[in-house]
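Engineer: Structure of the sequence below:
(one chain, ligands or ions: 1)
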Amino acid sequence: MVKTYGLIHEKRARGKEKKKNHVYHHSSAQKSISSGRQAVNFSFDTIHGMKLKEVEYKIPSREERKARRSEFQGSKNKEGMRSKFLKMLAAEHAQELKDLLGMTDADIALMAEGKSVNGYNVHHKLPIHGGGKNEFSNFILTPLYPHDQWHHDVIDPQICNLSAKGGKILLPWTDAMIYDPKQYGFTKNNKKVKPNYVSRVNPEKYPKIYKPEHIADANLRKRELEKFSSQQKNVNRKLVSTVVSQRLSSTR
Ligand SMILES: [Zn+2]
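Structural biologist: Residues are numbered from 1 along each chain as shown. Next up, the predicted model:
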C-alpha cells in the first residue's frame, strides 16, 4: 500500500476524491474534533505518552511566528530558549535524563552547554505555528520518532483542515518536560490499541531508542545512535521535502 502526502500546509484533495484516500476513518465512539470544516478522528487518546487534549490553535502572523522561532533558536548575540531549556534540564534533571532516556554523562555535559543531543528534539507542545510560546512548560525533550508521529500523524492532518486563523484541534499533551518511554505507544483507557491510520512516519528510518525496553540500555542506545548519525541528514531532508512518499508498513 503506497500513499503520498504533501507538506503540512498543502491542502489535500477534497470531496469524493478525499473520502477515497482519507486514512482517518470515522467512528462515533472515538476521540474526535471538528475544526468547523472537517472532523479528524483518532482511535486512541494517548500517543507515546502524550494525551490528546483539545486546544485553541491560533495562528499568529508570519512576522510573529518568525520572531518566536528566532527567540527559540537564538543567534550569535542572543541565547535561544532551546539552549536555556537544555541547560536547565542538565542542571536540574540530570538523573531523570539518565533514568528515562539512558543519557550518558557526555550527553548531559553537551546539554549543559545548551547543545542538542543527537536523535532528540525540543518539541513545542503547542507549536509556535499555533500560537505556542517559548516557555519551559511548553517544551518537552523527546526522541525524534515519537516526536515525528505527534506532528505527522496527529497535528498535521488537523492543521490541513484549519482556516487561516486557526481553530480547535487535538494536541498531544503532557505536563512532563522529558519524554517518558515507559508511556510508549498508542493507548486508550490505559490499554494498547492499534491506531486507526497507517503512520506517515516510517520507524525503519529511526533508531530503536524510543522503545521502552531499549531506551534505558546505554550500550544499545549508543549503537542505535551511531547508525542514526550517518542517516540523520537524509531523514531531515526527507521530513522537509516537498512531497513525502512512503511505502507504509502495517501498524505496529
Ligand atoms: Zn515538535
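Engineer: Pull up the gap between the nearest residue to residue 220 once chain neighbours are set aside and residue 119, please.
Structural biologist: Of all residues not flanking residue 220 in the chain, residue 214 sits nearest, at 5.3 Å (C-beta to C-beta, 6 or more residues apart in numbering). In short, each C-beta sits where N, CA and C put it, glycine included. Distance of residue 214 to residue 119, computed by C-beta to C-beta, to the nearest Å: 12 Å.
Engineer: Need the overlap of contacts for the two.
Structural biologist: Taking C-beta atoms under 8 Å, 6 or more residues apart in numbering as the contact rule, residue 214 and residue 119 both touch residue 224.
Engineer: residues near the residue nearest to residue 220, how many?
Structural biologist: For residue 214, the count of nearby residues is 15 (other C-beta atoms under 10 Å).
Engineer: which helices and strands does the helix or strand containing it pack with?
Structural biologist: Assigned by DSSP states H and E, residue 214 falls within helix 212-215. Counting contacts by 3 or more C-beta pairs under 8 Å, 6 or more residues apart in numbering; DSSP states H and E, helix 212-215 is packed against helix 218-240.
Engineer: need the contact list for the residue nearest in space to the middle of the chain.
Structural biologist: Centroid check for the chain by C-alpha atoms, centre = their mean gives residue 147 as the closest residue, at 2.6 Å. Contacts for residue 147 (C-beta under 8 Å, 6+ apart) come out as 121, 123.
Engineer: could you point out which element follows the helix or strand where it lies?
Structural biologist: Assigned by DSSP H and E, residue 147 falls within helix 144-149. Counting by DSSP H and E, the next helix or strand C-terminal to helix 144-149 is helix 156-159.
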